[in-house]
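[1] Quick one: sequence plus predicted model below, questions after.
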Amino acid sequence: MSPSGESFFSVSPSGETFFSVSPSGETFKPNVCPGLRAFDAFTIPRRIRYGGTVDMNSRINIRDVNAADLDTILAINNNAGDSILPIDRTRMARFLETARYFRVAEIDDLVAGFLIALTPEADYDSPNFSWFKKNYADFVYIDRVVMTPDHRRSGIGRLFYADILSFAEVRHPILVTEVFIQPRDDVSLLFFKTQGFTEAGQQNLSNGRRVSLMSKTLDAFPFVRDTYLSRPESVLPEWAWQDRLNMRPELKLSA
C-alpha cells in the first residue's frame, strides 16, 4: 500500500510489481513483470473493487488448478446460471489434461472462481471452439470464466482477464471467446467489449441459443514472434513458453 493508502499491489518472485489497484476499484492495471512466470501463483492483499462480498481483509490468490479442486469447480460451474453451460464431471476432468490455462481464484483459501482456456491442439468438441479452429490458425480460447454468486462484481473477473492476457500475448496472436446473444448475456457482453474484443461471427447452437464469436488481436505478440520465434539465435525466456501441461505433468488427471 502506498503512503497515501490509495493503491495496493502484489509482487513477483523477483520483486517487480505485477498488479496495482485502488481500494475504490477505479484503477486496475497490469504492470510489466518479466520475472513472473505464467504458472506462478500470486496474491492480491485486499479486494479489488466494491460490489461483491469479499471482505476488506481477504486475500485473493490465483493459482493453477489441481485434481483436488475438481468437485468444487464442477459445483461452481453447474450453479452459475444461464450464462454458463452445465457440464458433467468426466468432461470437466478432461480440461485437466487438455487446458494449457486452467486457474482458480482463492479467497482466504476457498475457491471463488476459475477460468479455463485452450489452444488449437486441444481435443475438445465444443462447436464454438471448432468454429475458431476453422477460422484461425493460432489462438487462445477462453472457454469459461465462472465465479461463485457471492464473489461476482468483486473484480476477480478482471484479475483473471489480466492474467490470461499476460499468458496469451507472449504465446499466441489472438484471444477469442463467445458470448450468448439470444438470450443476451449483457454482463459478459459488456465485459468483453470493454476489453477490446470485436465480433468475428455468430452461430446458433443445438440448444437453440445464439452466440457472438469474439476475438481480440494481441498487439504484443508480433514483437515476440519477430524478436524470438523467428530468430534461432534468440532464446525466448523460460517463463514465456512454459505452461501447466509442459511444466507440471503431475497436474493432469489420468484417463
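    Okay, I see it.
[2] Now do the strands in the stretch 51-200 of the chain.
    Assignment of strands within the stretch 51-200 of the chain using DSSP state E, counting those that start in this stretch yields the ranges 60-64, 101-107, 110-118, 140-147, 174-182, 198-204.
[3] mind showing which ranges of the chain have poor pLDDT?
    Counting by pLDDT under 70, the ranges of the chain that qualify are 1-58, 151, 154, 248-255.
[4] Can you name the residues that contact the residue sitting nearest the centre point of it?
    For the chain, the residue nearest the mean C-alpha position is residue 164 (4.0 Å; CA atoms, centre = their mean). Contacts for residue 164 (CB atoms under 8 Å, 6 or more residues apart in numbering) come out as 101, 115, 117, 140, 142, 175. Bear in mind the C-beta positions are built from the backbone N, C-alpha and C, glycine included.
[5] next one: residue 128
    141, 178, 203, 205, 211, 213.
[6] Could you give the number of residues near the third one?
    What it means is residue 203. By other CB atoms under 10 Å, the residues close to residue 203 number 13.
[7] and the angle from the longest helix seen in the chain to strand 140-147?
    Identified as the longest helix of the chain according to DSSP state H is helix 156-168. For helix 156-168 against strand 140-147, the angle by axes from the mean of the first three to the mean of the last three CA atoms, to 10 degrees is 160 degrees.
[8] what's the angle between helix 156-168 and strand 101-107?
    150 degrees.
[9] Now do helix 156-168: distance to the chain's middle.
    How far helix 156-168 lies from its chain's middle: 5 Å, per CA atoms, centre = their mean, to the nearest Å.
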